[in-house]
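S.K.: Generate a structure from the sequence data that follows.
(one chain, ligands or ions: 1)
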Amino acid sequence: MNKKLIFHQLFEKETSTYTYLLGDTETKEAVLIDPVMETAQRDIKLIEDLGLNLKFILDTHVHANHITASGEIRKNTGAKVGISSAYDMACPDLHLDDGQEIKFGQHTIKVIHTPGHTSGCLSYHLDNMVFTGDALLVGGCGRTDFQGGSSDMLFHSVRDRLFSLPEDTIVYPAHDYKGFTKTSVGMEKLLNPRLNLAISNEQFTEIMASLKLPYPKKIQEAVPANLQCGLPLKSEIFSTSFIDGIPAVTPEDLQMNLGHVKIIDVRGSDEYNNELGHIPNSYLATLGPQLDKRLDDEDPKNEIVFVCRSGKRSGEATKMAINKGFEKVYSLQGGMLKWNELRFPFERDMGGS
Ligand SMILES: [Fe+2]
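M.R.: Residues are numbered from 1 along each chain as shown. Sure thing, here's the model as predicted:
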């Protein structure tokens with residue numbers, strides 16, 4: 001291992017998850033991979049005790065068995081959250097793709113897209129180490145039966161991508177349930193019971209199809225929360241839904257709760273009083289610098305619904321607010337077009353501010 005690298009393999013015992021802390025001994029810049037909500041405070045304290053400056057929090061994938069601490073630790077450290085662009089999520093700062101490089105101090109992590117366990121699984125390669133998430137485990141691999149999983153994709157990710165790394169590359173998995181901490185590319189090529197070099201793609205598909213595993217205990221809460229970087233929506237009045245990974249409310253739900261939530265219309269000032277009108281008591285803050293400033297003046301704890309003509313710009317506004325730390329923000333589905341179609345109340349005067 002590189003002498004100039006600080007390395008900690010940390011464990012969360014309830015879900016048998018490994019979190020990895022990597023730091024540069026000289027610049028103190030650091031990266032955290034796959035933190036877990038239950039152990040977030042432990043990780044934050046370790047980072048502080050070591051005097052590290054956390055630059056990046058990287059998730060290998062949207063986990064189904066635990067809630068990520070990426071959003072929680074971002075709030076405490078200001079680090080940037082990175083995850084695969086394949087998920088179309090609003091909360092990450094970095095939407096990572098294959099081949100991208102992440103630099104901290106004198107070290108560079110290379111991103112390898114290794115889909116199959118989920119559609120957006122990434123492995124992170126640094127020197128002679130690779131952090132494989134659930135793509136490759138010690139003597140195993142992640143399941144492929146949900147979240148866009150595919151045994152064919154996983155076969156190619158492991159055999160064509162991970163197994164093309166030097167054989168002495170140390171493999172650090174996201175989980176181990178038997179007490180193992182690491183393995184190597186060479187060892188898995190030879191001994192992995194599902195993916196060793198003697199096994200064909202057809203055999204692997206049969207193995208994966210025959211697993212018939214129960215769904216993870218926490219999947220119902222973990223996946224929606226992890227699509228929000230582990231910070232679940234805490235709406236007091238709306239039921240939660242997502243459109244392209246962005247939290248949204250239906251016009252029906254908003255109409256029932258008029259007066260109980262702040263509404264910000266993000267269209268241009270000319271559109272605010274056009275034939276579609278605007279929702280009574282909504283505020284106008286056009287998407288762009290005007291909205292940016294408005295959000296800087298708002299309390300991030302406020303519950304806000306963004307509105308535009310069709311729902312597209314309000315989705316962008318919701319993303320912008322989430323990136324600024326708002327946790328209860330939503331896009332109005334279908335925008336003013338749908339609102340008018342449903343004959344819900346609207347105004348055309350110069351209200352709002
Ligand atoms: Fe997983």
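S.K.: Show me what from the stretch 51-200 of the chain comes close to the ion.
M.R.: Counting by C-beta under 5 Å from the ion, the positions of the stretch 51-200 of the chain adjacent to the ion are 63, 134. All C-beta atoms are positioned from the backbone trio N, CA, C, and that covers glycine.
S.K.: how about a cut-off of 6 Å?
M.R.: Within the stretch 51-200 of the chain, the positions lying close to the ion (C-beta under 6 Å from the ion) are 61, 63, 64, 117, 134, 142.
S.K.: Which of these fall in helices?
M.R.: Using DSSP state H, no member of these falls within helices.
S.K.: now, among these, which is nearest to the ion?
M.R.: Comparing these against the ion with C-beta to the ion places residue 134 closest, at 3.8 Å.
S.K.: In the residues of the stretch 51-200 of the chain next to the ion, which has the lowest confidence score?
M.R.: For these, the weakest pLDDT value sits at residue 64, with 93.
S.K.: give me the number of residues near residue 93?
M.R.: The number of residues packed around residue 93, counting by other C-beta atoms under 10 Å, is 15.
S.K.: And for residue 102?
M.R.: 19.
S.K.: Chain neighbours aside, what residue packs nearest to it?
M.R.: By the measure of C-beta to C-beta, 6 or more residues apart in numbering, the closest residue to residue 102 outside its immediate chain neighbours is residue 109, 4.3 Å from it.
S.K.: Check for me that that neighbour belongs to a strand.
M.R.: Yes. With DSSP: H, G, I helix; E, B strand; the rest coil as the criterion, residue 109 is located in a strand.
S.K.: rewinding a little: would you list the residues of the stretch 51-200 of the chain next to the ion in a markdown table and tack on neighbour count?
M.R.: Formatted as a markdown table, these follow (neighbours: other C-beta atoms under 10 Å):
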| residue | neighbour count |
| --- | --- |
| 61 | 27 |
| 63 | 27 |
| 64 | 21 |
| 117 | 32 |
| 134 | 27 |
| 142 | 25 |
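S.K.: For residue 309, state which of those is nearest.
M.R.: Nearest to residue 309 among those: residue 61, at 34.9 Å, using C-beta to C-beta.
S.K.: for that closest one, what are its contacts?
M.R.: Applying C-beta atoms under 8 Å, 6 or more residues apart in numbering to residue 61 gives the contacts 83, 84, 117, 118, 120, 121, 122, 133, 134, 147.
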